[in-house]
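Visitor: Show me how the following folds:
(2 chains)
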Amino acid sequence: MDATQRTIQLLLKPGQHDGEGQRVAEAASRHLGLSTGRVQSTALYTVRYPVTDTQLRDFATHCLQDPVLHDVALDEFRHGSQYKSYILVAKLPGVTDDEGISAQNALGDFLNEPLDTHTQHIFSKRLYFLEHELPESSLRRLAEDLLGNKMINRFEVGPIAQIRDYTPRPGGGAESITDTVRLVGLSDEELVKLSKDNLYALNLEEMRAVRDHYTSIADERQAAGLPQDPTDCELEIVAQTWSEHCKHKEFSAIIKYRDADTGEEFEVDSLFKTYIKDATSEVDRQLRANGNDWLIKVFSDNAGAVRINPESLFVWKVETHNSPSAIDPYGGAITGILGNNRDPLATGIGGAKLLFNTNVLCFGNPEFSGTLLSNQLHPRRIFEGVRKGIEDGGNKSGVPTVNGAIVFDDRYAGKPLVYCGTGAVMPMQLAGLDSWEKKIDAQDRIIMAGGRVGKDGIHGATFSSIELDETSPATAVQIGSPITQKLAMDFLILATRRGLIKCSTDNGAGGLSSSIGELATISGGAVVELEKVPLKYPGLRPWEIFVSESQERFSLAVEPSKLDELLALGREMEVELTDIGYFTADGSLDVRFDGESVARIDMEFLHNGVPRKVLEAEWSKPTVQEPALPAKLDYTDVLSRLLGSLNICSRESVIRQYDHEVKGRTIIKPLMGATGQAPQDAAVVRFNFESWEGVAVSNGILPRFGDLDAYDMSAGAFDEAVRQIVAVGGKLPNLSYGDGNFWSVNDNFCVPDSVYDPIGNPDGKHKLAKLVRMCQALRDATAAYCIPLTSGKDSMKNDFKADGVKISVPPTVLYSMTAKIEDVRRTITSDFKQEGDVVYLLGETYDELGGSEFYQLFGELGANVPKVRFEAAKTLYTLMGQANDQGLIQSCHDLSDGGLAVALAEATFGYGFGATIELPQELPVHVQLFSESHSRFVATVAPEDVVAFEQHFGTRATRLGVVTPDGQLTVRYNGQTVIAADTAALRHEWTNGPVNRIIGFGQHEAAQ
Amino acid sequence: MNEKPLFPDLNVPPQPQRDETGPAHTNADGTVTVLGYKSIDGGHESTEPLHSSTSEPTKPVQALILTGFGINCEDEFAAAYRLAGAEATIVHLNEVMHGHVSIHDYDILNFPGGFSFGDDLGSGVVLANKLRYRKNAEGRTLLDDIKQFVANGKFVMGICNGFQVLVKLGLLPNLSGNVTPEVTLTHNASGRYEDRWVRLKVNPESNSPFLKGIDTLEVPVRHGEGRLIIKGEETLAEIEARALNCLAYTDFDGSPTDVYPHNPNGADLNCAGLTDTTGQVFGLMPHPEAFLSLYNHPDWGRRKRQNPNLSEEGDGLKLFRNIVAHVQSQRPAAATPQEAHQFSS
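Guide: Model prediction:
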């Protein structure tokens, strides 16, 4: 052991319950079939800071040990005599170690002296002892599958007599080395190889454009004393800036579309411009023509902004973090949620206050029992890791996770989809300036705020722009530190209110190269002095510093005269701020290290030099048909099975581990009712404690329907999100002059590789055609409802390739919607409220069982995909808004997965009511019960309001029956009882579904 | 319901925000000093004020709420005091540590929930450690100040992470009087963080003014480390004998229970909150500040349908009304609020 290296071990006192040890033993047996015997878990802290024996002992006993729970061992690895094997879990160099940093903080407080924060002095580890003697291979498997991830952890395992310690020793000396990369004169093959070897993720045409650019400016560079070939840093900057992740090249491409069935052909001049931006411009025109000018900022900043009232803005952003979550589910998800938080925080001047988080997750079947591909993680493990990441990311930041959705489909088993959304509120004015504007002048300083830079996350932007395979790089993985970000967030809120910051942006994909590269377009250039950037450890090259995606960082533009005050505030609030350069107006991005040029790039080339792609799309209808089902079905049994099915069953075990009510403003939570088990449609959050204004939040996602028609899938997902908000009492926008009823929508496309390649991607044209159709539906939906998009994202390469097999996600789009709620006290929850209330179906049912959960039970897809009838839907939603104004609706639940039958059952879950239902005779009973036709609701009405209600809705409402006190759900059709079920039993099926079984119910663990 | 105009006045330009940016302070020696941190409203000014129903006291009770370093429930904590008629001030912990703000200028010192310093070493540990060991320029720790504060007859409240801090500091239950940790809060028996609503019963023997006149209340718990463990039979017996276990988790019938999920964490004595022997220091795991309005409750929809005249106030607010009224009642007669006179004779 190192002379200056000391070890503190914390062990539970005899008799204290070792819950973690018990969980490890159980999981090893359940998931890996390994019998460990008892497992003892202990915490280790390695201290590399000069302390005396007394100081070490006192620090351990006063600061780390809980005197009620722990014993302390110093400079030894103590364990019970019955244990035979050990597993040590340490972190790899440079991996975020919040626990170690916390201990270091405590040591500083304890010694009452400032510790040099540039060095990590304390390293946290876990040391487990196992009762059984297991071979090293089994121990390693247990470690890698249950205790950590080899991408971020180092494991030592073996017999207990031979414990090996490991403490990371990051980096070597500083490496101020900048190389040039030969481009001029390279052949096409060499260009492609160069791009692949360096993970530039640029295609041949793009590499040629870079080469040609450098050839054309050779004289200028020579005159400026720069090398003819680009530097490594320059190429990295171009690769990050031109990445699909940052530049959305496929959404900007020219697409030649052909319908193989009809022969129709047309050309799309950028999906983004045609179907998203122009559609929103048209919506905005209609809004403004009707006195609704609340659309403040769309598509041009980190998040979209709409006006709540004359004083404040609502800021809304949803993003994905798919590739990292496939490799390190916990780190990927926590980084996703924290990274997405930074978008609203750094919109405009910056300093919005976060109001809520939401998330939508798509996984493979967590009960998958087949063989995994190389480096493919089991879907259950991805699920659990992502869930934990969202728990820590949201809870530790103090941002409530107010709702979400989980979708299961085997095609997400390679790459999961992890969508994270964040809503925030920002004053219209910050220190007298329009908060949503980003203004920068030459000579303004560039300040980096928050965390430090390490090798973590190098190449994230380019890495997420390519397919994953078994060789995907470890450096692309990052782990978020919610506490570091919370400090930076508190700081940003105060600094912007004091007018100390001109504008801010988030350091996300591409790190400083993207954030400064983008901000520099405002002033027209920048000079960056990389030697000033604080590092986690030495050994980074300049280009690595510039593109690293180390988390929790913001780039700020600050007026020189405000700098001292800003830095003083940073010191007071213990947020590290570093002046790393200044903005210019000379048209170039100038990056230096110790005065030497590292990169000098023309901004015009950097941002507009990327060649446009031309892609081909070809659509043909899939050959599908309606299935023949058994003639006689027990619908009570079918309903029960549906409630217990993977995509419908309760998510309570997941939901309850997210804090959904911190800030005390959540009015409609994911689960409501006296039982706390009635699922809700949209979340509702009030803005503050002084008014009753609030916002409703919903998510629409229906990937199954895309197998039948991507247009209908996209239209349906859009409608689903709209109707969830309508269900809780939200009103469509622009219904009356100047009603100020804002809506703000983010679109998030996640599709498989859709670029045709005869060998690598033979069905690329068809996939791209699906994407075009999804976009067409989006345009039609925004126009029909007059609902604007304010921001969005696309993730284009959601494929996982290993062992010669490719797993591709189904083309998926998520619409994440928010809408103003005038008075949260008048919102409506989904659960039945009182016996005797009359039950109605609002909207119309069609024979649309295609892609339904009902067909899924029989392993069928069907053909009749649900279609959205926009005009009829809009009329119904408008009627519902009016009915709510009159207080006519007592409960309202939207119909989605599982159709009417599931919605009726769920509405009973809040209190134990039942219902007696008589279906009309128009359609076959299974269609009425299980069709997933859009734009429908189950609503209840107080008996005294029935006349007014029926008059108001006319033929749009179908009377179904009444709420009963007996807890029985009875459905009759044509004189026959088709469903007779105890609602407590139905709730039991739903609650004991696979999701809660896998995540496990909370319960007190038995003591050992 | 219709008092608000539906149309925003589009001709009025946006008004500058009147955000508080902290007390102004200039340093004598000419260097730029930034005086700390004060609460900022949610960036959204009131258009429909929600008036607190207490009458305006002559000098409002002063509540100091600490934040920073991962504390995250300061806003609703402040809202609770404001609704209860007190003046609430949120300050960054460093303002107090650096001597810019003195706790002795306030009546109630409050430790909100959150994840102070990430809770990586066990919840509340690093913050408690800072208060116990970090010395200011005069060589005093904040714990020294808090002991003085309590000795002066003032009040300390900790919720969730704040409760954990008070326990790890030894301020609760503090049977010995020398602030040595006697109990601990550790991982829930379920091994997981959970957000769920629970019912609490107030120990009728408790002497704490925070709980006066309250029998039961419903509140959410949101924690992973809320299981109270009491070391030794003697300590346990003394806590019970002196009724310091002021709140118990109960089942639907109102009986204290150790059954999950009614008792969400498996705490000894089914205990959800503690006071010290004076009743001035009070801490609890559940979040009363998250139930200020009826509309926080998961069953508000049905309850309102059953009883349209149901109060729009949440159970949690009662605690804050209690302590604010108590502080007011302790003051010299001149400062006693009007309302109290009206009902006293």
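Visitor: Grab the nearest non-local neighbour of the closest residue to chain A within chain B.
Guide: Closest approach between chain B and chain A, counting by CB to the nearest CB: B:N72, at 2.4 Å. For every residue, glycine as well, the C-beta is placed using N, CA and C. Nearest non-adjacent residue to B:N72, counting by CB to CB, 6 or more residues apart in numbering or on different chains: A:G398, 2.4 Å away.
Visitor: and that neighbour, what is it in contact with?
Guide: A:486, A:662-663, B:70-73, B:114-115 (CB atoms under 8 Å, 6 or more residues apart in numbering or on different chains).
Visitor: Which of the residues you listed sits closest to A:R651?
Guide: A:V662 (19.3 Å; CB to CB).
Visitor: Next one: that closest one from chain B, what distance?
Guide: 6 Å (CB to the nearest CB, to the nearest Å).
Visitor: Before we move on, what's the pLDDT of that residue?
Guide: A:V662 is assigned a predicted lDDT (pLDDT) of 96.
Visitor: repeat for B:I159
Guide: On the pLDDT scale, B:I159 gets 97.
Visitor: Next: A:N996.
Guide: pLDDT at A:N996 comes out at 93.
Visitor: for it, helix, strand, or coil?
Guide: For A:N996, the secondary structure call by DSSP: H, G, I helix; E, B strand; the rest coil comes out as helix.
Visitor: What segments of chain B are strands?
Guide: For chain B, the strands defined by DSSP state E cover B:62-67, B:87-92, B:108-111, B:155-159, B:183-186, B:194-202, B:216-223, B:227-230, B:245-250, B:271-275, B:281-284.
Visitor: Please identify the most buried of those.
Guide: strand B:271-275 (a mean of 29; mean count of other CB atoms under 10 Å in any protein chain shown).
Visitor: residues in contact with the residue of chain B closest to chain A?
Guide: A:397-398, A:486, A:662, B:112-115.
Visitor: Could you rerun that using 10 Å?
Guide: Neighbour list for B:N72: A:395-399, A:486, A:489-490, A:659, A:662-663, B:112-116, B:160-161 [criterion: CB atoms under 10 Å, 6 or more residues apart in numbering or on different chains].
Visitor: mind putting the strands of chain B in CSV, distance to A:F689 included?
Guide: Shown next, in CSV, are the strands of chain B (distance: least, CB to CB, whole Å):
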stretch, distance to A:F689
strand B:62-67, 14
strand B:87-92, 11
strand B:108-111, 16
strand B:155-159, 16
strand B:183-186, 28
strand B:194-202, 20
strand B:216-223, 17
strand B:227-230, 30
strand B:245-250, 24
strand B:271-275, 24
strand B:281-284, 21
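Visitor: A:Q921 is nearest to which of those strands?
Guide: The nearest among those, by CB to CB, is strand B:194-202 at 43.4 Å.
Visitor: For chain B, see how far away the closest residue in space to A:Y840 that isn't next to it in sequence is.
Guide: Using CB to CB, 6+ apart and skipping the chain neighbours, the partner closest in space to A:Y840 is A:A957 (4.7 Å). As defined by CB to the nearest CB, A:A957 lies at a distance of 20 Å from chain B.
Visitor: Please read off the pLDDT at A:A957 from the model.
Guide: A:A957 is given a pLDDT of 97.
Visitor: Of the contacts of A:G398, just say which sits nearest to A:S550.
Guide: Nearest to A:S550 among the contacts of A:G398, with distances taken as CB to CB, is A:K486, at 16.7 Å.
Visitor: ok, the closest one - contacts?
Guide: A:338, A:341, A:396-399, A:552, B:68-72, B:114-118.
Visitor: Is the residue of chain A found nearest chain B in a helix, a strand, or coil?
Guide: Evaluated by CB to the nearest CB, chain A has A:G398 as its residue closest to chain B, separated by 2.4 Å. Three-state assignment for A:G398 (three-state DSSP): coil.
Visitor: Now it. Its backbone dihedrals?
Guide: phi 70, psi 30 (degrees, to the nearest 10).
Visitor: Also A:Y711?
Guide: The phi/psi pair for A:Y711 (degrees, to the nearest 10) is phi -60, psi -50.
Visitor: Please name the nearest non-neighbouring residue to it.
Guide: A:R773 (4.0 Å).
Visitor: Identify the residues contacting the one you found.
Guide: Contacts of A:R773 (CB under 10 Å, 6+ apart): A:257, A:259, A:617, A:619, A:706, A:709-715, A:811.
Visitor: wait, which of these is closest to A:K455?
Guide: A:P811 (34.4 Å).
Visitor: Quick check: that closest one vs A:T241, distance?
Guide: According to CB to CB, to the nearest Å, A:P811 and A:T241 sit 27 Å apart.
Visitor: which stretch among the strands of chain B comes nearest B:L171?
Guide: strand B:281-284 (5.3 Å).
Visitor: and the closest one, anywhere near chain A?
Guide: No - Strand B:281-284 is not in contact with chain A by CB under 10 Å from any CB of the partner chain; minimum separation 15.4 Å.
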